[in-house]
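# One predicted model, sequence on top.
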Amino acid sequence: MQYTLSILVENQAGVLSKISGLFSRRGFNIDSLAVGVTNDPNVSRITIVANGDEYVVEQLEKQLNKVIPVIKVKRLNEGEFISRELILIKVHCPAAKRAEIIKTAEIMQAKIVDVAQSCVTVEYCECASRVNTLVDLLKPYGIREIVRTGTVAIDRGTASVSV
Amino acid sequence: MISGAEIMVKCLEAEGISVVFGYPGAAICPFYDKIYDSSIKHILVRQEQNAAHAASGYARCSGKPGVCVATSGPGATNLITGIATAYTDSIPMIAITGQVRTDLLGRDVFQEADITGACEPFVKHSYLVNKTEDLPRVFKEAFHIASTGRQGPVLIDIPMDIQTNEIEEFVYPDEVNIIGYKPNTKGHAIQVKKAVEAIKKSKRPLIVSGGGVLSSGVKLDFQRFADTTKIPVISTMMGIGVMPSEHEMYLGMLGTHGKKVANRALHEADLVIVCGARLGDRAVAAPHQMSENTTVIHIDIDPAEIGKNVKTEIPIVGDMRNVLSMLIENIGDYTVSDEWQNTVRAWKKDLFSTPPVFEGFVEPRTLVSHLSAMLHSKAILVADVGQNQIWCANNFRIREGRFLTTGGMGTMGYSIPAAVGAKFARPTRDVIVVCGDGSFQMGLNELATIAGNNLGIKIIIMRNSRLGMVRELQDNNYGGRHSATILQGDPDFLKIAEAYGIDSAQASSNEEAEEILKGIVDSDKPFILVCNVYPDTPSI
């Protein structure tokens, strides 16, 4: 089961290692992790996407709550949140293929942000599964480089994760 | 103007700390220079790990966090085992380490170690202080975190320049405000009501007492609860001492090395009230079996413990003190059925047995069970790790005193330094160490601390020239191949005692041992008794 955790933490040195340590110590992998400051400059928000059964997630939530600089932990409910990931893909692109790749990007509503003689760089901001679809579509042209952020997620509607 | 080092001392004073255990070094020298003429007594141990164990023993007997101090690099890394022990055993502790100057951090200079990083999995929280101004807040928070909620060690790593820099004035904060740390101690009223209903409905309820009852300081209330309800009690290793051993409804320690009757009670109970215990694998080997036919009520201050090892029907998060008083209030004049009481009374008869005697040797279980009668009722027994620990856990007839051991981490070499801490916390009480010849040799450097401070600690070494516990494991699981468990080259312990100026004697029979002990228990001087134990004596 894949789950998404939103964690509010005090913005201080070492918090990230405390949190990632909780996962690694138990032998759990993190699929993605994103950190950024919130509207309160003293508070950062970490979004973690990982896999595990109900017991594992519950234990992790409880253990995360024990970390002193952790202010709040919330598991986002499937289907009730919006998630986004940013990806930059450098695709092999001889002049002959350029139109085709631009068309593909257009269909997916991705942006071409850089063009060179033999390659283009595509920027895309979407949920992880759409990002994966774009990657699959561009793969046949030859991907030279990929860089993607971790997933960030926010509740739909008025629900929120706040201090 | 006031220096960081002076502030550190003042913070400790403000927290009411009168004794710290430590070992100096270059990076912590500014602090040592200021503690030199302060009201705080510094006890020089002989290895940093023992400073942490001594702080642990001190904390367990004084009810306040114990403080240990070490220098940077190897001094700090030597503390780790002691810190980890306190963490697993949930003991409140402040570990203070010196660190290289902030401008040198990360450059791998002499005696630099990333101790906050290294200790991450074993501390409740840690600080690497980077501003002298932060020291008062950091100390205030550290003491608060260590001593509230589920207690544990907090590490404060302080670079040298932070110790030497000066600031305008020292103001110790009155309050802490840690936004992410608000332990829930209250206990949920509806959950307590549910628990009481379940207890009243059950036919064979049972209490498992853990170390949490002792950390809450509610031993006497707990005993009253057991007395009035007649609910039988078994205990984890960390919970030994919650009930007097002779109490009619107390059936001893559970688990792989526990009492048969305790495990039987757990097996036959239809409802179990777990009080401040983790129920680790040595306590309940097959937790899933246990919960199939049993209703489990789990009371713990740490929500992460509930449901971790044993499936729980009624979780109650809160401090034992609060939850217990709510339970007492709600349960009224309930008592368990006569039938269950009588069953337990019948089992109680089997709690203590008389093991066979081997001619020319001390029978350690019998000696331990006779020990209590020779001591004052509030005696503190400190057991090490190995067979000696199990002999003590199962046979010491505890009355109003304490039983100290590391039940969670199982760190060999714990007993002697922990006894040092215990004696400083409770100077008028009998403090007795029981260790094996293996564990003695892991802690014997602290004989110097005992002799130097003339601490009247009595040490009983159960000498079998074996690492008995591992050897037993090898007998049972490895075809009796005694790989590395025969202690060759053991020294003459009497001569070691003599070298430290400590009186000693040896015994080869229980009569001899008891005679010697009777002669020395009331002395305020340290003593070492070496008991020759038959090598094949089992743990249980």
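Structure received. Everything numeric in this text was worked out from a predicted model, so none of it was measured. Numbering: from 1, shown residues only, chains lettered A, B, ... in the order given.

# give me the beta-bridge partners of B:N532?
B:R463 (DSSP bridges).

# what number of residues lie near it?
Neighbourhood size, B:N532 [other Cβ atoms under 10 Å in any protein chain shown]: 21. For the C-beta atoms, the positions are set from N, CA and C on the backbone; glycine is no exception.

# Which single residue in chain B comes nearest to chain A?
Closest residue of chain B to chain A, Cβ to the nearest Cβ: B:A304 (3.7 Å).

# Wasn't that residue part of a strand?
No. Applying DSSP: H, G, I helix; E, B strand; the rest coil, one finds B:A304 to be helix, outside a strand.

# List the contacts of it.
Contact analysis of B:A304 by Cβ atoms under 8 Å, 6 or more residues apart in numbering or on different chains lists A:59, A:62-63, A:65-66.

# Tell me which entries of these lie within strands.
Judged by DSSP state E, strands contain none of the contacts of B:A304.

# Dihedrals phi and psi, B:V154?
Here is the backbone geometry of B:V154 (degrees, to the nearest 10): phi -120, psi 130.

# Thought B:I96 was touching it, still the case?
No. Judged on Cβ atoms under 8 Å, B:V154 makes no contact with B:I96 at a distance of 9.8 Å.

# So for the two, which sits in the more crowded spot?
B:V154 (29 against 25).

# who's that one bridged to?
Beta-bridge partners for B:V154, by DSSP bridges, are B:I94, B:H125.

# touching chain B at all, whatever helix or strand A:I19 lives in?
Using DSSP states H and E, A:I19 falls within helix A:15-25. Yes. Contact of helix A:15-25 with chain B (Cβ under 8 Å from any Cβ of the partner chain) involves A:17-18, A:21, A:25.

# can you pull the buried residues of that helix?
Across helix A:15-25, burial judged by 16 or more other Cβ atoms under 10 Å in any protein chain shown covers A:15, A:18-19, A:22-23.

# Look over the residues of helix A:15-25 next to chain B and name the one with the lowest pLDDT score.
Lowest in pLDDT among those is A:R25, which has 87.

# The nearest residue to it once chain neighbours are set aside: what secondary structure?
Distances taken as Cβ to Cβ, 6 or more residues apart in numbering or on different chains place B:P121 nearest to A:R25, at 5.8 Å, with adjacent residues excluded. Of the three states, B:P121 takes helix according to three-state DSSP.

# Could you give the number of residues near B:P121?
Close neighbours of B:P121, defined as other Cβ under 10 Å, add up to 12.

# Per-residue pLDDT of it, please?
B:P121 carries a pLDDT value of 94.

# quick revisit: can you convert the residues of helix A:15-25 next to chain B into TSV and add a column each for distance to B:S126?
Output for those, formatted as TSV (distance: Cβ to Cβ, whole Å):
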residue	distance to B:S126
A:S17	11
A:K18	9
A:G21	12
A:R25	15
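
# quick one, domains of chain A?
A:2-76, A:82-152 (automatic domain parsing).

# ranking these by mean pLDDT, which is last?
Lowest mean pLDDT within those: domain A:2-76, at a mean of 93.

# Span of it from start to end?
Terminal residues of domain A:2-76 are spaced 11 Å apart (Cα to Cα, to the nearest Å).

# Flag every buried residue along stretch B:216-228.
For stretch B:216-228, a neighbour-count test (16+ other Cβ under 10 Å) marks B:216, B:218-219, B:221-223, B:225-226 as buried.

# Please tabulate the residues you listed in a markdown table, including the columns secondary structure.
Below are those laid out as a markdown table (three-state DSSP):
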| residue | secondary structure |
| --- | --- |
| B:S216 | coil |
| B:V218 | coil |
| B:K219 | helix |
| B:D221 | helix |
| B:F222 | helix |
| B:Q223 | helix |
| B:F225 | helix |
| B:A226 | helix |
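
# Looking at those residues, which one is closest to A:V161?
The closest of these to A:V161 turns out to be B:S216 (Cβ to Cβ; 32.9 Å).

# separation between the nearest residue to the closest one once chain neighbours are set aside and B:L367?
Spatial nearest neighbour of B:S216, chain neighbours left out: B:M320 (3.9 Å); criterion: Cβ to Cβ, 6+ apart. Remark: distance between B:M320 and B:L367 (Cβ to Cβ, to the nearest Å) = 33 Å.

# okay, these two: which has more neighbours?
B:M320 (29 against 23).

# if I pick that one, what's in contact with it?
For B:M320, the contacting residues are B:212-213, B:216, B:218, B:222, B:275-276, B:299, B:301, by Cβ under 8 Å, 6+ apart.

# Just flag the most distant two among the residues you listed.
Pairwise distances across the contacts of B:M320 peak at 14.7 Å for B:F222 and B:I301 (criterion: Cβ to Cβ).

# burial measure for residue 158, as a count.
All of this refers to chain A. Using other Cβ under 10 Å, A:T158 has 5 neighbouring residues.

# my bad, the chain I had in mind was chain B
For B:I158, the neighbour count with other Cβ under 10 Å is 28.

# Settle this for me: it is touching B:G4, isn't it.
Yes. With contacts counted by Cβ under 8 Å, B:I158 reaches B:G4, the gap being 7.1 Å.

# list the residues that contact both of those two?
B:L135.

# what does chain A put close to chain B?
For chain A, the contact set with chain B under Cβ under 8 Å from any Cβ comprises A:9-10, A:13-14, A:17-18, A:21, A:25, A:58-59, A:62-63, A:65-72, A:163.

# Going by neighbour count, which of the residues you listed are buried?
A:9-10, A:18, A:59, A:62-63, A:65-72.

# Can you give me the buried ones in stretch B:440-459?
Going by neighbour count (16+ other Cβ under 10 Å), the buried part of stretch B:440-459 is B:440-451, B:453, B:455-459.

# Helices - which of those land there?
Secondary structure from DSSP state H places B:440-443, B:447-451 of the buried residues of stretch B:440-459 in helices.

# For chain A, which residue gets nearest to chain B?
At 3.7 Å from chain B, A:K62 is the closest residue in chain A, using Cβ to the nearest Cβ.

# wait, doesn't that residue sit right on B:P315?
No. Contact criterion Cβ under 8 Å: A:K62 and B:P315 do not qualify, at 11.1 Å.

# Which neighbours do those two have in common?
B:P303.

# Start and end of stretch B:162-174, how far apart?
One end of stretch B:162-174 to the other measures 22 Å (Cα to Cα).

# okay, now B:S353: neighbour count?
B:S353 has 12 neighbours, counted by other Cβ under 10 Å.

# Would you state the predicted confidence (pLDDT) at it?
For B:S353, the pLDDT comes out at 85.

# what's the top strand by length along chain A packed up against?
Assignment by DSSP E gives strand A:81-92 as the longest strand of chain A. Secondary-structure packing of strand A:81-92 (3 or more Cβ pairs under 8 Å, 6 or more residues apart in numbering or on different chains; DSSP states H and E): strand A:119-126, helix A:128-138, strand A:143-148, strand A:152-155.

# Okay, now the sheet partners of the first one, with direction.
Sheet partners assigned to strand A:119-126 using DSSP bridges are listed as strand A:81-92 (antiparallel), strand A:111-115 (antiparallel).

# now the ones you listed as JSON lines including mean neighbour count and distance to B:Q111?
Formatted as JSON lines, the strands paired with strand A:119-126 follow (neighbours: other Cβ atoms under 10 Å in any protein chain shown; distance: least, Cβ to Cβ, whole Å):
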{"stretch": "strand A:81-92", "mean neighbour count": "18", "distance to B:Q111": "44"}
{"stretch": "strand A:111-115", "mean neighbour count": "13", "distance to B:Q111": "49"}
